[in-house]
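S.K.: Just to be clear, the model below is a prediction. Sequence and coordinates:
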Amino acid sequence: MIFEVVHGCFGYGDGREVLRDLSFRVPEGKILSVLGPNGVGKTTLLRCMMGLLHWKKGESRIDGKNIHHIPVRELWKKIAYVPQAKGNALMYTAEEMVVLGRCAHLGMMQQPKKKDLELAREAIALVGVPHLCGKLCSQMSGGELQMILIARALTTQPSMLVLDEPESNLDFKNQLIILDIMQRLAAEQGISCVFNTHYPDHALKISDQALLLDKSGSYIFGESAEVISCENMERSFEVEVYIDRLEVGETSVASVVPLSIL
Amino acid sequence: MASLKQNHVFRNIILVLLPIVTAIVCMGIGRMSMSPGEIVTNLFEIAVHGPESVDPQIYSVLISVRLPRIILAVLCGAGLAVSGAAFQSIFSNALATPDTLGVAAGSSFGAALALLLGMGLITVQVSALAVGFVAVLMTYIISRQKSGASTVMVILSGMVIASLFEAGISIIKFIADTESQLPAITYWLMGSLANTSFSSLALGAPFIVAGIAVIFALRWKLNVLMLSEDEAKTMGVNIRMMRVIVALAATMITASCVSMCGQVGWVGLLIPHICRMLFGSNNQNIVPASISLGAVFLLIMDTVARSATAAEIPISILTSVIGAPFFIILLKKTGGSNL
């Protein structure tokens, strides 16, 4: 599946344009990271591109077809969304929550079957939290809930995953698990991923392409390593940065270090 | 809870048997009391050999007097409990019930208006349904904000709408003929299952059964409505259509119950909450459990209402007397954590 946004513009009611003439393309099995300072419109971008908010101008397309012309169930079989795990007071158990990911695959009056439950359990195992199966979502920590929401998205068996700051609430190990899952899904199953992040390091580590937004409403889109450069980061975040490359064993790890406020 | 889940089959058998057993026991209670065994044999005789095979007095008490009332109690109990569970999902709010949303008041107003104008039972039904749906729509629109509806807003809007329609009911009482209409309307508003016959059941029951069937069929998808707006949309469900269908079904049930037996409060709040405590929040379990336990609850309440004293006690008084303390205990125990 090829996902693209063509000349997307968006602004909230007050007339100020948040996103101006955005165009980008996510080919099959590629990972796109979205970077930018707080309040610049990263989440807005994700919501617009999935059709949860309507572009003022322009459109999102899947394989060349405007997503508004795709029936909802078909659309949400292809795209799975992982929202930020904010305080979720729902009294569902992890398993009940994850199996909801099968919704788009089941008709209005259908109930989840054994196969759906198995898929849910597999997804929970894949994100490495099988011990949470019977735990209530309302009693989970932010990190635990995040892992469950990711499992829910995987249960949909989508062609593209959209994640809103998936690693924000997580500890080091869980961060690596999430990044690793995205990488594996992209490489092995050709599932493309789009994710928002506040960690340029993560973007450099796993993403093929990056989209850097800045407050003026303009953006830079391209290969991650080119987009996330000292010069671009300084302009977007108004912070002086240093990009360090560590040689650890065979691989090289890039680390973006903020130095001072400009 | 885990053990209950593993025993799905066992649990389901209990949920099916409980209302049947309760109905048979309740059928035997009254001025002419009968043991469950006698009732089963008599019913069996009637079913197999026709009405003439039993004592005509037994036939008239069991079939003509008690059976329609038992059926009405089962339908209204199950219906009100399920519509409570459905409203709680639509509003993703554990306090949403036909009473708190103003649906019951709206339906009552619609029904009372039709009674005032001397309309027939069908018109009473339709009028109750129409005004009830207007009420829930108004509550929904008022409570709706950009960021979704908060618990407080839903309850406050429901209160406002309910008191609006209650004022309407008061006006109707005020202008009703004090000799004939007023007592009828007042007594009916307090709720009673007494004036039931097979012909009135035939008018109201299909609506209740159809409403329950719709909600039962959609029970798993109801879970999606509890998620936040964005999340729910991304599950590939047409949220708006689903809300309208479920609201219509639940309002239809409430309106039919109201037009047949007046306002019977508390069932829609109490029963789904008990089910949640027993089986967790999954609507796949809540809906069938509410049907079963709601029926049992109203059967018992109605049996007490008709047989505890010589005169009949209005049933809404009983459900409130039982319901209010129970809910206070529930609130104190959980600290409102599952609201």
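M.R.: Great, that's in hand.

S.K.: which helix of chain A spans the most residues?
M.R.: helix A:172-189 (DSSP state H).

S.K.: What parts of the stretch 101-250 of chain A come near chain B?
M.R.: With the criterion set to Cβ under 8 Å from any Cβ of the partner chain, the stretch 101-250 of chain A comes near chain B through A:G101, A:C103, A:A104, A:L106, A:M108, A:M109, A:Q110, A:Q111, A:P112, A:G134, A:L136, A:S138. In short, each C-beta sits where N, CA and C put it, glycine included.

S.K.: for B:F109, helix, strand, or coil?
M.R.: Secondary structure, DSSP: H, G, I helix; E, B strand; the rest coil: B:F109 is helix.

S.K.: Give me the distance between it and chain A.
M.R.: Distance, B:F109 to chain A, by Cβ to the nearest Cβ, to the nearest Å: 33 Å.

S.K.: residues contacting that residue?
M.R.: B:V131, B:F165, B:E166, B:G168, B:I169, B:I172 (Cβ atoms under 8 Å, 6 or more residues apart in numbering or on different chains).

S.K.: could you dump those to JSON lines with distance to B:L75?
M.R.: Listed next are the contacts of B:F109 as JSON lines, based on distance: Cβ to Cβ, whole Å:
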{"residue": "B:V131", "distance to B:L75": "21"}
{"residue": "B:F165", "distance to B:L75": "24"}
{"residue": "B:E166", "distance to B:L75": "25"}
{"residue": "B:G168", "distance to B:L75": "27"}
{"residue": "B:I169", "distance to B:L75": "24"}
{"residue": "B:I172", "distance to B:L75": "26"}
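
S.K.: Sort out which of these are in helices and list them.
M.R.: Taking DSSP H, the ones among these that sit in helices are B:V131, B:F165, B:E166, B:G168, B:I169, B:I172.

S.K.: Run a quick check on the first one versus B:G106, I expect a contact.
M.R.: It stands for B:V131. Yes: between B:V131 and B:G106 there is a contact at 4.7 Å, judged by Cβ atoms under 8 Å.

S.K.: what do the two both touch?
M.R.: The contact sets of B:V131 and B:G106 overlap at B:F165 (Cβ under 8 Å, 6+ apart).

S.K.: Who has more neighbours out of these two?
M.R.: Remark: of B:V131 and B:G106, B:G106 carries more neighbours, 34 against 25, as counted by other Cβ atoms under 10 Å in any protein chain shown.

S.K.: Leaving out sequence neighbours, find the closest residue to B:P36.
M.R.: When the adjacent residues along the chain are set aside, B:P36 lies closest to B:I24, with 5.0 Å between them (Cβ to Cβ, 6 or more residues apart in numbering or on different chains).

S.K.: State the mean pLDDT of stretch A:147-166.
M.R.: Stretch A:147-166 shows a mean pLDDT of 94.

S.K.: quick check, nearest of the residues of the stretch 101-250 of chain A next to chain B to chain B?
M.R.: A:A104 (2.9 Å; Cβ to the nearest Cβ).

S.K.: contacting residues around that closest one?
M.R.: Residues in contact with A:A104 (Cβ under 8 Å, 6+ apart) are A:V72, A:R73, A:W76, A:K77, A:T156, B:M235, B:G236, B:V237.

S.K.: Extract the CA atoms of stretch A:148-161 and return them as CSV.
M.R.: Taking Å, rounded to 0.1, in the frame of the first residue of the first chain, the C-alpha atoms of stretch A:148-161 are listed here in CSV:
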residue,chain,number,x,y,z
ILE,A,148,-1.9,-2.8,25.0
LEU,A,149,-3.0,-0.1,22.6
ILE,A,150,-0.2,-1.1,20.2
ALA,A,151,-1.3,-4.7,20.5
ARG,A,152,-4.8,-3.6,19.7
ALA,A,153,-3.6,-1.9,16.5
LEU,A,154,-1.6,-5.0,15.5
THR,A,155,-4.7,-7.2,15.9
THR,A,156,-6.2,-5.2,13.1
GLN,A,157,-3.5,-6.6,10.8
PRO,A,158,-3.2,-3.3,9.0
SER,A,159,-1.1,-2.2,6.0
MET,A,160,-0.1,1.0,7.8
LEU,A,161,0.3,1.8,11.5
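
S.K.: Can you get me a residue count around the nearest residue to A:D63 once chain neighbours are set aside?
M.R.: Once flanking residues are discounted, A:D63 sits nearest to A:I2: 5.6 Å by Cβ to Cβ, 6+ apart. By other Cβ under 10 Å, 15 other residues sit near A:I2.

S.K.: try A:E28
M.R.: 14.

S.K.: A:M1 versus the spatially closest residue to it that is not a sequence neighbour, what's the distance?
M.R.: Leaving aside its chain neighbours, A:E28 sits nearest to A:G190 (5.1 Å; criterion: Cβ to Cβ, 6+ apart). Note on A:G190: its distance to A:M1, by Cβ to Cβ, to the nearest Å, is 8 Å.

S.K.: Can you pull the residues that touch both of those two?
M.R.: Taking Cβ under 8 Å, 6+ apart as the contact rule, A:G190 and A:M1 both touch A:E28, A:S159.

S.K.: Between the two, point out the one with more neighbours.
M.R.: Each of A:G190 and A:M1 has its neighbours counted (other Cβ under 10 Å); A:M1 has more, 16 against 13.

S.K.: Helix, strand, or coil at the closest residue to A:T93 other than its chain neighbours?
M.R.: Of all residues beyond its chain neighbours, the one nearest A:T93 is A:G134 (5.3 Å), with distances taken as Cβ to Cβ, 6+ apart. Three-state assignment for A:G134 (three-state DSSP): coil.

S.K.: so how many other residues sit close to A:G134?
M.R.: Other residues lying near A:G134 total 13 when counted by other Cβ under 10 Å.

S.K.: okay but it is in contact with A:M97, surely?
M.R.: No: using Cβ under 8 Å, A:G134 is not in contact with A:M97, being 11.4 Å away.

S.K.: Alright, calling it a day.
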